[in-house]
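Engineer: Kindly return the folded structure for what I paste below:
(2 chains)
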Amino acid sequence: KAGVTQTPRYLIKTRGQQVTLSCSPISGHRSVSWYQQTPGQGLQFLFEYFSETQRNKGNFPGRFSGRQFSNSRSEMNVSTLELGDSALYLCASSDDQERTEAFFGQGTRLTVV
Amino acid sequence: AQTVTQSQPEMSVQEAETVTLSCTYDTSESDYYLFWYKQPPSRQMILVIRQEAYKQQNATENRFSVNFQKAAKSFSLKISDSQLGDAAMYFCASNAYGNKLVFGAGTILRVKS
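Structural biologist: You can find the predicted model right below:
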């Protein structure tokens, strides 16, 4: 099975712009979660999508949004970028069961200048 | 709310020796899972070991084992016969709601040859 694929791997954006990150989960997995990793805040949960519906949400402002398509691929969007949004964004996929192993992608490194 | 605490920012071990990484957690849930993830310089998060809270027996995966003390809410990771490839950041995580993982701050493990 192919692993979790995140694109792009690296991204540089200007403050005020918006960005869309993509995640393709492992085939057959319907749960996709997104995490933000920064040196200061560590790993923080953004949201989880399951069967095209948001199932869980973390404590992030509304500028962070996501969606999931019928093929389970997910996108994460950040609008009005701020310097503090610079981070590694990790996507994880899980099978239909709750609280099972999460398989992570290699992440997208976003730099906001 | 769930919290996960890793009190060791950095640990060192000699190759072939044994090292224990500490983790404590807090949750009001009775049904939850605990995980140790490894993040090497490539940034890919890799599951090391998983423990279901309802199981009393400590999980073991080859050279990796845990000491799960449910009453004390402690979940330490023991790495035996340490290898250079074990050098990485190790994260303890818990999962009580859906597939939302709550991570500790991480412990950097350095392996000396």
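
Engineer: wait, A:Phe69 sits on A:Thr53?
Structural biologist: No: counting by CB atoms under 8 Å, A:Phe69 stays clear of A:Thr53, with 11.9 Å between them. C-beta here means a position set from N, CA and C on the backbone, and glycine is covered the same way.

Engineer: and residue 74, bridged to which residues?
Structural biologist: Answering for chain A, as no chain was given. Under the criterion DSSP bridges, A:Ser74 forms beta bridges with A:Cys23, A:Gln68.

Engineer: not what I meant, chain B
Structural biologist: Beta-bridge partners, per DSSP bridges, of B:Ser74: B:Thr24, B:Gln69.

Engineer: for the helix or strand of chain A with the lowest mean pLDDT, packing partners?
Structural biologist: The helix or strand of chain A with the poorest confidence is strand A:53-57; it has a mean of 92 (mean pLDDT, DSSP states H and E). Packing contacts for strand A:53-57, counted by 3 or more CB pairs under 8 Å, 6 or more residues apart in numbering or on different chains; DSSP states H and E, involve strand A:42-50.

Engineer: Could you see whether chain B lies near the strand it packs on?
Structural biologist: Yes: judged by CB under 8 Å from any CB of the partner chain, strand A:42-50 comes into contact with chain B through A:Gly42, A:Leu43, A:Phe45, A:Glu48, A:Phe50.

Engineer: How about residues contacting that strand?
Structural biologist: Applying CB atoms under 8 Å, 6 or more residues apart in numbering or on different chains, the external contacts of strand A:42-50 come out as A:30-38, A:54-60, A:64, A:66-68, A:74, A:76, A:89-90, B:91, B:98-106.

Engineer: Which of those fall in strands?
Structural biologist: Counting by DSSP state E, those place A:31-38, A:54-57, A:64, A:66-68, A:74, A:76, A:89-90, B:91, B:100-103 in strands.

Engineer: For PyMOL, write the selection for the buried entries among those.
Structural biologist: Applying 16 or more other CB atoms under 10 Å in any protein chain shown to the ones in strands among the contacts of strand A:42-50, the buried members can be selected in PyMOL as follows:
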select buried, (chain A and resi 31+32+33+34+35+36+37+55+56+64+66+68+74+76+89+90) or (chain B and resi 91+100+101+102+103)
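
Engineer: for chain B, what spans make up the strands?
Structural biologist: Listed in chain order, the strands of chain B (DSSP E) span B:3-5, B:10-14, B:19-21, B:24-26, B:33-39, B:46-52, B:60-61, B:64-69, B:74-79, B:88-97, B:100-103, B:107-112.

Engineer: Cool, thanks, talk later.
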